[in-house]
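Chemist: Starting from these lines, generate the structure:
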Amino acid sequence: MEIARVALDLIQKKLQPNKVVVLLGARRVGKTILIEKVIESLNEKYLFLNGDDVESHNLLESQSTANFNRLLGDTRFLIIDEAQEIPNIGKKLKLMVDTITDLKVLVTGSSAFEINNQIGEPLVGRMKTINLYPIAQIEFSKTENYLETKSNLEDRLIFGSYPELSKMVNREDKISYLKEIVNTQLLRDIFAFEGIKKRDKIIALLQIIAFRTGSEISLESIGRDLQISKNTVEKYLDLFSKVFIIYSVSGFSKNRDNEITKMKKWYFVDNGIRNAIINSFNPLNMREDVGKLWENYLNSERIKKLSYQENQVLDYFWRTHTRQEMDRLEVKNEQIVAFEYKYGKSKSKIPTEFAKSYPDATFEIINQDNYLDYIL
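Modeler: Next comes the predicted model:
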């Protein structure tokens with residue numbers, strides 16, 4: 001059964017004359033299929049170009065209004081897939097939307113680094129960005145009932161939610177698919193960056209982040225372990241973020257000496273990618289990292305929900321040097337909401353130091369009984 005993507009409504013809403021909608025996401029999360037749905041829903045004449053195709057590069061090579069007018073003719077809907085591959089695409093798009101009346105543009109990119117560098121600055125005020133993730137539970141819930149959702153939870157903690165996986169039944173097929181994505185897609189995008197040559201260091205760093213998911217990371221310590229500089233570690237982590245493999249969360253503090261703020265926690269956008277990097281697909285009853293999988297899953301699903309609902313919050317973790325901690329804090333309009341993740345049904349109280357420091361904050365434990373309220 002086909003799963004309707006929430007981002008389709010966002011694209012339709014933001015796709016306006018003389019604006020550029022940028023759809024960002026890792027390879028294989030469904031950007032191309034989503035474009036097809038947009039084309040189908042708008043039902044108007046369009047021009048489709050592919051940034052991976054040399055012919056598309058040639059068609060856009062001449063950066064002039066005359067060339068772009070010839071190329072588009074009476075078409076007023078332009079789509080460019082993998083736009084970051086086209087040289088000077090930002091300046092070219094700016095010229096188009098500035099000079100061609102009623103032109104709507106939709107571009108996709110699998111690298112935020114290249115897209116932001118090439119498009120961000122030239123299109124200030126003309127660009128609207130939408131992030132596309134692996135399938136969110138809010139999307140699965142359109143086609144499955146409560147019992148199906150609960151029965152699929154373990155599978156999603158282990159294999160994640162890339163769109164193609166929903167069509168696979170065989171466990172070995174899922175493992176093979178995830179390994180193929182990591183090795184031929186995500187790592188390829190990383191190694192494509194100039195100066196990235198140390199494949200063994202890249203893989204080792206990703207494995208360290210996978211094993212330490214949800215823990216504070218010391219860049220200096222990792223650098224010593226891998227025999228690379230702190231700056232190189234930071235550079236690589238930034239690249240992993242820009243190709244949508246991982247993301248970071250900072251520590252929260254209001255200048256209290258006991259609170260940890262210098263180190264970040266790192267999470268994977270998708271549990272399946274995390275497990276593929278360390279080749280760990282055992283069922284939950286044979287694992288020692290269930291807590292990490294639960295925390296990674298809930299954090300990522302929460303981010304998907306907030307992003308698709310366009311709900312802007314600041315997110316953090318909270319921890320003190322005396323080891324009192326909170327898995328997630330959300331801050332909006334100076335209101336603090338704190339969450340603690342528990343895979344089992346063990347009880348937990350709000351840390352005394354947190355309650356003392358932030359008496360107006362709310363606190364909630366997220367476990368298997370109420371997690372759907374948290375991510376739907």
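
Chemist: From here on, just use CA atoms for contacts and neighbour counts.
Modeler: Will do.

Chemist: Following the chain onward from the helix or strand in which Leu153 is found, which element is next?
Modeler: Assigning secondary structure by DSSP states H and E places Leu153 in helix 146-159. Moving toward the C-terminus from helix 146-159, the next helix or strand (DSSP H and E) is helix 171-181.

Chemist: gap between Met326 and Asp200?
Modeler: 34 Å (C-alpha to C-alpha, to the nearest Å).

Chemist: Those two: which is more packed in?
Modeler: Met326 (22 against 9; other C-alpha atoms under 10 Å).

Chemist: Quick check: bridge partners of the more buried one?
Modeler: Using DSSP bridges, the beta-bridge partners of Met326 come out as Trp318.

Chemist: my guess is Lys235 is in a strand, correct?
Modeler: No - assessed with DSSP: H, G, I helix; E, B strand; the rest coil, Lys235 is helix; it does not lie in a strand.

Chemist: I'd assumed Ala276 was in contact with Ile175.
Modeler: Yes - in this structure Ile175 lies within contact range of Ala276 using C-alpha atoms under 8 Å: 7.3 Å.

Chemist: Low-confidence regions, the stretch 251-376 of the chain specifically.
Modeler: 255 (pLDDT under 70).

Chemist: show me where it has strands.
Modeler: 264-268, 314-319, 325-332, 335-341, 362-366 (DSSP state E, counting those that start in this stretch).

Chemist: roughly how far out does the first one sit from the chain middle?
Modeler: Spelled out, that is strand 264-268. 12 Å (C-alpha atoms, centre = their mean, to the nearest Å).

Chemist: could you pull out the helices for the stretch 101-250 of the chain?
Modeler: 112-115, 137-140, 146-159, 171-181, 187-191, 199-211, 219-226, 230-242 (DSSP state H, counting those that start in this stretch).

Chemist: Tell me who's in contact with Leu147.
Modeler: Not one residue lies near Leu147 by C-alpha atoms under 8 Å, 6 or more residues apart in numbering.

Chemist: per-residue pLDDT, it?
Modeler: Note on Leu147: pLDDT of 96.

Chemist: if I look at it, how far off is Lys197?
Modeler: From Leu147 to Lys197 the distance is 47 Å (C-alpha to C-alpha).

Chemist: Lys342 now?
Modeler: 40 Å.

Chemist: I'd assumed Pro351 was in contact with Gln324.
Modeler: Yes - with contact defined as C-alpha under 8 Å, Gln324 counts as touching Pro351 (6.2 Å).
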